[in-house]
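Asker: I would like to see how this sequence folds:
(3 chains)
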Amino acid sequence: MRVEAKILIWLGLFFGLMCAVYWTWSMENAGGVMMFFGMGLCLLPGSYYYWWSRRMGPRAEDDPNATQESGAGYIDAFPGSSIFPFTLGMGAFFVVLAMVFGSWMLIPGLGLVGWAALGGIAEGRRGGSR
Amino acid sequence: MPGFGAHQADTTTGQSAYYLWQGFSVVAAIIGAFVLALILYAVVAYRRKGDTIPKQTQYHVPLEIVYTVIPILIVIALFVATIVTENKVLAMPKTDVSINANAFQWGWGFTYDKQNAIAIGNTTESPVMVMPVDTDVKITLTSTDVVHGFYVRDFNFSRFALPGVTNQFTLHATKTGTYFGQCTQLCGLYHSIMFYKVKVVTPSEYQTWLSSFNTPEGKAAADAAKKVLKEQMSAHVPVKTEISRGAN
Amino acid sequence: MTTTIDKAITESHGDDHGHGHAEHHGPRGILNWLTTTDHKIIGLSYTITSVIMLIIGGALAEVIRGQLANPNGKLVTMAQYNELFTMHGSIMIYLFAGPFAFGALANIIVPIQIGAPDMAFPRLNALSYWLYLTGAITMLLGFFVTGGAANFGWVGYAPLSDAIYSPGAGADLWIGGLLLTGFSAIFTGVNICATVFYLRAPGMTLFRMPIFTWNLLVVSILILLAFPVLTAGLIMLYCDRHLGTHIYTVVGGGSPVLWQHIFWFWGHPEVYILALPFFGMVTEIIPVFSRKPVFGYKGMVFATLTIAALSLGVWAHHMFTTGVVLLPFFSIMSLLIAVPTGIKIFNWIGSMWRGQIWFSAAMLFSIGFVVTFLIGGLTGVYLASPPLDFFTHDTYFIVAHFHSVVMALVLGAMGGLYYWGPKITGYMLNERIGKAQFWLLFIGTQLFTIPQYILGLQGMPRRMAIYPNDPQWQNLNTWSSVGAIMIGISTLLFVVNIVASWKKHPAGDNPWDGHTLEWFTTSPPPHHNFFRLPQIRSERPTWDHNHPEAKTLAHGKDAH
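Answerer: Numbers count the residues shown, from 1 in each chain, chains lettered A, B, ... in the order given. Model (predicted):
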């Protein structure tokens, strides 16, 4: 994971440098704040990956001489089909329409969102259908 | 040297921008022609002839360094030229002629500091901003409703009229004449017809025009127009005193 | 020698899908589509929906050009015209270009380019699609409400977009649609990043990934950096409109220019989010049809990262005429972005140089992309200089600049569709129609944009429903409209091609002698993408497998 960490950390440091130059030179707060948090958004996962890269064993995809056998076996659970993305999407749709057409739309909206959230979590714990 | 599409403006700052445009255009034309020639050569010379696999070149570090460093140098040169011109365009020399331009939906009001003169108009009749030739004219640009754009093509210049911001810039016209101006930032329904004119006259004609507002009829007309402008401005929001000149 | 392995992809029920079965036990028909989590089906849904959006946005464009063919056009009223260009821009950028760039081809191609069985979060992927579809519907609903659709430009500057000056529901639907599509994009960004970081096949180090995947990795990071900013800005706009806040209004202590800062902090990375995927497509196509590896692989990666890094610091070059931004900073940063873009252009030429170039439709579109982007990019350099921006801003010069680059992206998109269409559908598109489509699109694009550069320099501002009665202006506008019609016809030709090629010529696994991993599997790929994988020792695993005598050199020390 070292390369991934390096990409994010270098981007974060560059944003930090750009932020420092910009904010002190322009004294303009909106851009300064946005760049600062951009730096944070890169350094946060970047430092996490860096921390992990020093503790984890080598992965097959980071090994330039790996054979395909080294990747054999279980990768992850990939839920085959699920109604919950659709229902969550529809719920979000009604919530947004409620912003425009009136709060009564929050009833189907939040209802669908709630059902999808609970159902999706349960499905994830079960492992999902094929 | 050709103008490459832009035209020599009728203000000093506009002319500086014009020369910068020409400089950029020469660079762009050379680079564009060079790269296009490379592409055309490649598509003609390297058309597929047979089935042989060509040499599988993956990189050439010296060449890659060359076409990284040379563009950086060109960019620095363009930046230096930009800063020199920018300082000229944004300069604010001291001057006595000071005009307040107020943009509103959908017209313009021009008042003159320490004078009674005023010009106001809207979509049915464009106002005419009168100013003297060969003199530094300070313009203070405001808006009290939405964002508008003060743009005069023949001056190679535009600036936003932003609510909450007082924009200032200087124009120094080099030729008399009447120039066409319009709003360039979308401001609602009649944005397409929010016109005004800038009339550049000799200093004596300018003084004559100013004093025409000091006669009793002139004063009455000016007061009436000022009332209309005040209504336009106060119908919306007060102007903040944050002053900006476009450069930090 | 090839080493292959049966990738045992198991679901948590321990079901052995060891042979990457093409069978899919699941719901049928429409329920299959509503519950799918397969990145290929989701990507195909994105492709079809975004191309429909392209056609709707294009139809609006044709009406705009119809109105502008005459100085005093009476095709539409001034109010309708404001809606037209607002929705044209909004549909094209928010509903076509973005979703097509990172939702359509990215979804389908990225997993198979790195040897993954699916995206890292398949259900989140599906959710992204449904949020996109509902967001598109929400925005388009604006046409059917009183007051019409949003009419304040695709950039929605405050105060014009606040409740006083744009009171209708159309504006709120515009905001709502953008909230939904914004979250769709954010979730896709998370998905692509996680997929590239965690699901690569053995031997596929980051520096052996195809450039298309590299570009999408960087795009996903940019999405995560930029889209939340827009989403926050939109929520604040909604609060100003309906909840009595004064964030963007002077009364109450707010600042209208704050909207511009927030919008463009998203808006500039957005244009690179749009451009980088198409850069990536072209970087795949040109080497394949030149029978050479991409020239300067590491330079390409470095250029992409540099563009991403710089793109966060240039937003206020859209605000030079406000008078309240730090001009020198944004000027130098914007000028510097020309450097990595130039590196890419030289690398594309280098990939063709001394190659054996086959002018398939995909290759023609890609070369057309490079030429058009060169023109658009060079005019962009002018705009990085504030004194020059002062007299071109908000004129047709700007309109021509961004249409040059955007039409270049459309050329790239067509290249991508012709190149990967066979892989996705299993059938070839007709090459002759494709080439005709290319010439119409390319020539139409230049005819459309070049008169507009001249118009802008002659002083015609943008967003004008009518313009002064100058015969030269009308002449230029007419030529531009002719170009627009050619572009429209070329899009229709694309639809004709799809119909004419429907299930005609099976493609086979690798019709183009492609280099990267997706050409190793079947067309279309099986349910979990690969029956078997080759040994991966460079960025061109399929080429190395098929042409062992012309192997790709591994890159020095695989960059650790």
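Asker: For chain C, what's its nearest residue on chain B.
Answerer: Closest contact between chain B and chain C, by Cβ to the nearest Cβ, is at B:Arg153 (3.2 Å). Bear in mind the C-beta positions are built from the backbone N, C-alpha and C, glycine included.
Asker: tell me the domain boundaries of chain B?
Answerer: Per the record, chain B has its domains at B:12-90, B:97-244, by automatic domain parsing.
Asker: okay if I get those as CSV plus mean neighbour count and mean pLDDT?
Answerer: Below are the domains of chain B laid out as CSV (neighbours: other Cβ atoms under 10 Å in any protein chain shown; pLDDT from 0 to 100):
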stretch, mean neighbour count, mean pLDDT
domain B:12-90, 16, 95
domain B:97-244, 19, 89
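Asker: could those be laid out in CSV, adding distance to chain A?
Answerer: Output for those, formatted as CSV (distance: least, Cβ to the nearest Cβ, whole Å):
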stretch, distance to chain A
domain B:12-90, 14
domain B:97-244, 11
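Asker: Of those, give the one that comes closest to C:Lys503.
Answerer: Proximity to C:Lys503 (Cβ to Cβ) singles out domain B:12-90 among the domains of chain B, at 29.2 Å.
Asker: ok, residue 108 - contacts?
Answerer: In the absence of a named chain, this looks at chain A. Contact analysis of A:Pro108 by Cβ atoms under 8 Å, 6 or more residues apart in numbering or on different chains lists A:91, A:94.
Asker: think we crossed wires, I meant chain C
Answerer: C:39-40, C:43-44, C:47, C:420, C:424.
Asker: In helices, which of those residues appear?
Answerer: Per DSSP state H, helices hold the following members of those: C:39-40, C:43-44, C:47, C:420, C:424.
Asker: if we take those, which one ends up nearest to chain A?
Answerer: C:His39 (9.6 Å).
Asker: List the contacts of the closest one.
Answerer: Listed by Cβ under 8 Å, 6+ apart, the contact set of C:His39 reads C:107-108, C:111, C:118-119, C:122, C:125.
Asker: Same check on C:Gly299?
Answerer: Here C:Gly299 is in contact with B:59, B:64, B:68, C:343, C:347 (Cβ under 8 Å, 6+ apart).
Asker: Which one of those residues is nearest to C:Gly58?
Answerer: Checking the contacts of C:Gly299 against C:Gly58 by Cβ to Cβ gives C:Asn347 as the nearest, at 31.6 Å.
Asker: Would you map out the domains in chain A?
Answerer: A:2-63, A:84-126.
Asker: With distance to C:Thr542 and secondary structure added, can I get the contacts of C:His39 in CSV?
Answerer: Formatted as CSV, those follow (distance: Cβ to Cβ, whole Å; DSSP: H, G, I helix; E, B strand; the rest coil):
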residue, distance to C:Thr542, secondary structure
C:Asn107, 21, helix
C:Ile108, 17, helix
C:Pro111, 16, helix
C:Asp118, 20, coil
C:Met119, 21, coil
C:Pro122, 25, helix
C:Asn125, 25, helix
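Asker: got CSV for these, with distance to C:Tyr297 too?
Answerer: Formatted as CSV, these follow (distance: Cβ to Cβ, whole Å):
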residue, distance to C:Tyr297
C:Asn107, 24
C:Ile108, 23
C:Pro111, 21
C:Asp118, 27
C:Met119, 25
C:Pro122, 30
C:Asn125, 28
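Asker: Could you work out the most separated pair of the residues you listed?
Answerer: Between all members of the contacts of C:His39, the farthest pair (by Cβ to Cβ) comes out as C:Ile108 and C:Pro122, at 13.3 Å.
Asker: Make TSV out of the domains of chain A and add mean pLDDT.
Answerer: Putting these into TSV (pLDDT from 0 to 100) gives the following:
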stretch	mean pLDDT
domain A:2-63	94
domain A:84-126	94
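Asker: out of these, nearest to C:Tyr248?
Answerer: domain A:2-63 (11.7 Å).
Asker: and the closest one, anywhere near chain B?
Answerer: Yes: applying Cβ under 8 Å from any Cβ of the partner chain, one finds domain A:2-63 in contact with chain B at A:25-27.
Asker: Just the ones of those in helices?
Answerer: Per DSSP H, these map to helices at A:25-26.
Asker: Identify the residue spatially nearest to the residue nearest in space to the middle of chain B, adjacent ones excluded.
Answerer: Compute the mean C-alpha point of chain B, and by Cα atoms, centre = their mean the closest residue is B:Phe157, 1.7 Å away. Nearest non-adjacent residue to B:Phe157, counting by Cβ to Cβ, 6 or more residues apart in numbering or on different chains: C:Phe390, 5.3 Å away.
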